[in-house]
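Student: coords please:
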Amino acid sequence: MVALSLKISIGNVVKTMQFEPSTMVYDACRMIRERIPEAPAGPPSDFGLFLSDDDPKKGIWLEAGKALDYYMLRNGDTMEYRKKQRPLKIRMLDGTVKTIMVDDSKTVTDMLMTICARIGITNHDEYSLVRELMEEKKEEVTGTLRKDKTLLRDEKKMEKLKQKLHTDDELNWLDHGRTLREQGVEENETLLLRRKFFYSDQNVDSRDPVQLNLLYVQARDDILNGSHPVSFDKACEFAGFQCQIQFGPHNEQKHKAGFLDLKDFLPKEYVKQKGERKIFQAHKNCGPMSEIEAKVRYVKLARSLKTYGVSFFLVKEKMKGKNKLVPRLLGITKECVMRVDEKTKEVIQEWNLTNIKRWAASPKSFTLDFGDYQDGYYSVQTTEGEQIAQLIAGYIDIILKKKKSKDHFGMEGDEESTMLEDSVSPKKSTVLQQQYNRVGKVEHGSVALPAIMRSGASGPENFQVGSMPPAQQQITSGQMHRGHMPPLTSAQQALTGTINSSMQAVQAAQATLDDFDTLPPLGQDAASKAWRKNKMDESKHEIHSQVDAITAGTASVVNLTAGDPAETDYTAVGCAVTTISSNLTEMSRGVKLLAALLEDEGGSGRPLLQAAKGLAGAVSELLRSAQPASAEPRQNLLQAAGNVGQASGELLQQIGESDTDPHFQEVLMQLAKAVASAAAALVLKAKSVAQRTEDSGLQTQVIAAATQCALSTSQLVACTKVVAPTISSPVCQEQLVEAGRLVAKAVEGCVSASQAATEDGQLLRGVGAAATAVTQALNDLLQHVRAHASGAGPAGRYDQATDTILTVTENIFSSMGDAGEMVRQARILAQATSDLVNAIKADAEGESDLENSRKLLSAAKILADATAKMVEAAKGAAANPDSEEQQQRLREAAEGLRMATNAAAQNAIKKKLVQRLEHAAKQAAASATQTIAAAQHAASTPKVSAGPQPLLVQSCKAVAEQIPLLVQGVRGSQAQPDSPSAQLALIAASQSFLQARHLLPTSQTRPFPPSCVPYSSHNLNLCP
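Tutor: Sure, this is the predicted structure:
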């Protein structure tokens, strides 16, 4: 892959670096910090790459989780490595200004979480930021009606009316879905924090003084500017509370006529009225009320206003029966949309939000569709349609979020309640009744009563006095009464249901493996033979992919169920179980077809069916052991998992798809057992520490840590048995690595517990040495897996030298400006090219074809000349380390040497690229097979198939048609490695597959209905 050359700007320093286009942005930032000394220090999460533009609004931050080629960068593009944090000035409604550090790459929604958390506001989703524009910029802002010299007379009246009514379009709200930079907010600007959605403000009281103050100031300003029309008496009552808040209790000596500036306490229409005496009377009625209590009373009184919590927009609507537009106020609340008289603000009509089916916003209009609740649409003329739509959508989002959080309460969420089930005979009905636990008090008393001796029917009887018989003990092991087990959690109950349904599916699949599949009538002509061969190849590929998924899912069950059951992710376990059962069901169909094809060609398909039945039986045993309510020991689950791995290997051998060397599997198991042996030695050392520890608590911790270490290594061995036959699959490799991570974590816990339990240096050294041995054995195991994961060996006699040359030349390019490093890399390059020249000459001498020998010697001479030129340039750079011209000459010489290497070793490079393509094609086909299987399983659920998923199923069908061609291309290229036609067929099949594969992400982004089975959607989202 051609490297991507980018200029990295850090302050005044610009460096050129080479990156693979597939490099993730996070890794690119790490490389910049490692290679450029001028990179600023600090937490890596605070820095990022910024792609600047002449227009500041178009500059973007690169997301850490995406690759560089996602942004379509070109050679020579300049990227800025700089801090993402920027100071943001936030003005509160009470006039205070706070400066908060925010992430410039985040959207306004994410920033509000940070801002509200710093201020002390919990419900950040109800607040927003308002951009305060300078007077000279206000003319540029589009309101409900724009100011313009060409406005008609009635529009000018509407503009004055809008200013009088103080509608919401006066506020320039920021878009929550975009960043500050995209909206042109400069660093020196101050933004206003204001409540936009009035949903949970009813809960704000004296216990939340921060929000109470913001709510009070916003209500006070809206009353004074006329947004909330009030009567004169009500205005004086509000002013009385305001005086109590600002001046404290009423003081007859101080609070006299002329003390108040009435325009700060009354709406402007009441300023000229003599209301100061009435205000002071209301102030006096407050008594010794505290400031907080006065704000509570003020806000409570404001909530009683009919316009409170309503966001108004001045619009034009069509007059009924006439072709004329008249002004109207459109109000939006948390409950409804209302038509309001623009003069009196009396509600004319209202519609509940739940009655709105859809809405549409255009640059000059806004339309509401109420579905069956009203005939026809309600449409108005406005330039603020998008703002109205955002407000309605915001309220609906908050309502849905609150409703979702409430779904966990009530009877289903009452963990203290029990369910009583009574069978009412002789009917089959069942009575279910909820019972609540009531806590009583312990009563102390004696259960011993005075003895009373009475004579029986036959008269007095003798009795003997003796001693009590000795105590007897009886031990019962391996049994437990189900009634005394702790109740299952909702997640465990869901997993139990999933396992039960999966066991039924596995048993049904196992029952179908007694007979072969029915084949269509086939002859012995070339077309029939080709169909048989292609169908067998397709079936083998699908079975192999499904067995990979089964073993990976089994290993996932083993890893996920380790540790404390209270911390187990039962949803992930359920996903793994669903993956196992769905793939086994699909595999049974493929096995029946393949067995029939083998029988048709004169072979025997019966052993294949038996191997498949053995795998199904092993999976059933695994699922039975994985039941949350199972009382079986952990070792049974590990044994069942090992049986699944063994059965998987036997099945792959039957179809001839065991692509893992038996010697490799043997070494893999030996390395896993070596880890277990080293861990056993560590456990013995830890027990020695526990014996020397006097503190019983610390002793218990050491023993528990040692036990966990032993269990984790047993789990690693079991996981190795499971994935050994399919270790070529990346998902199986990931599960083995995860098991190794759990072992490393357990070893670390054992060492920490030992260090806390004793200070004996000799004991701790023994524990440390044993832990090092476990770590070394674990590294050997993982290194063995990585060696297999890297694929085949070098393609060609001098492939290693070629790789070294290509790598070192990239290092020279990225080291421009550092002459010493460039010269050091040049020495490595000279040695590699010398080895390559010698290898080419040796091939030329052994070549029987004179023409090929001459071509090889010519390539060797060109490479030697390029090497000599590069060596001379390196000498010049070493002699003049500060000369940019000498460094440029060395760079050009290295580029020439790279081109000569490509020409000389093109055959080796071509073979290596073809091998990589074969490996990538195999993985792509396997991933697509799993995606299709997950989509089919999801679509088989009635609730899912009725939703938006048919588009995904159709896309999967398009990809499924390309998989056989891709598999045939891989097999043809592997069978004929030197055939150009086979390689071209593989390339063509890969291109066709990629074109079909592009359909999947588009359809997969469509969500599942909320009522879907979660495991199906989860497995589909996990597909590559």
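Student: measure K533 to P964 for me?
Tutor: In this view, K533 and P964 are 11 Å apart by Cβ to Cβ, to the nearest Å. (C-beta placed from N, C-alpha, C; glycine too.)
Student: hmm, I was thinking of V310
Tutor: 63 Å.
Student: among those two, which residue is more densely surrounded?
Tutor: V310 (22 against 17; other Cβ atoms under 10 Å).
Student: mind checking pLDDT for the closest residue to M587 other than its chain neighbours?
Tutor: Using Cβ to Cβ, 6 or more residues apart in numbering and skipping residues adjacent in sequence, the residue nearest M587 is Q546, 4.1 Å away. Reading off the confidence values, Q546 has pLDDT 85.
Student: now name the helix or strand holding Q546.
Tutor: Secondary structure from DSSP states H and E places Q546 in helix 526-560.
Student: tell me the helix or strand right after that helix.
Tutor: Following helix 526-560 toward the C-terminus (DSSP H and E): helix 570-600.
Student: domain parsing of this structure, as residue ranges.
Tutor: Following the TED database, the chain resolves into domains at 4-83, 204-308, 311-382, 491-516+535-658, 660-790, 797-911, 915-940+949-1023.
Student: got phi/psi on G258?
Tutor: phi 90, psi -10 (degrees, to the nearest 10).
Student: any idea of the pLDDT on it?
Tutor: G258 is given a pLDDT of 80.
Student: give the buried residues for the helix holding Q546.
Tutor: Across helix 526-560, burial judged by 16 or more other Cβ atoms under 10 Å covers 532, 535-560.
Student: ok, stretch 193-213 next?
Tutor: Applying a neighbour-count criterion of 16+ other Cβ under 10 Å, one finds 193-199, 201, 204-205, 208, 211-213 buried in stretch 193-213.
Student: a helix runs through S227, doesn't it?
Tutor: No: S227: not assigned to a helix; according to DSSP: H, G, I helix; E, B strand; the rest coil it is coil.
Student: count the neighbours of it for me.
Tutor: The burial count for S227: 23, using other Cβ under 10 Å.
Student: isn't it right next to T307, touching?
Tutor: Yes: counting by Cβ atoms under 8 Å, S227 does reach T307; the two are 7.1 Å apart.
Student: quick one, what contacts the residue nearest to A989 when sequence neighbours are not counted?
Tutor: Leaving aside its sequence neighbours, A989 sits nearest to G969 (Cβ to Cβ, 6+ apart; 3.7 Å). Residues near G969 by Cβ atoms under 8 Å, 6 or more residues apart in numbering: 921, 982, 985-990.
Student: ok, G590 next?
Tutor: 539, 542-543, 546.
Student: now it: how far from Q546?
Tutor: 7 Å.
Student: from memory N172 sits against Q183, does it?
Tutor: No: using Cβ under 8 Å, N172 is not in contact with Q183; the gap is 9.8 Å.
Student: only the buried residues of stretch 5-20, if you could.
Tutor: 5-6, 8-10, 15-20.
Student: and it, C-alpha only, in CSV?
Tutor: Below are the C-alpha coordinates for stretch 5-20, written out as CSV (Å, rounded to 0.1, in the frame of the first residue of the first chain):
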residue,chain,number,x,y,z
SER,A,5,2.8,11.8,3.2
LEU,A,6,1.4,14.5,5.5
LYS,A,7,2.8,17.7,6.9
ILE,A,8,2.3,17.9,10.6
SER,A,9,2.1,21.4,12.1
ILE,A,10,2.9,21.9,15.8
GLY,A,11,3.1,25.6,16.6
ASN,A,12,5.7,27.1,14.2
VAL,A,13,7.2,23.7,13.5
VAL,A,14,6.2,21.7,10.4
LYS,A,15,7.4,18.1,9.9
THR,A,16,6.7,15.7,7.1
MET,A,17,5.6,12.2,8.1
GLN,A,18,4.7,9.0,6.3
PHE,A,19,1.5,7.1,7.3
GLU,A,20,-0.3,4.0,6.0
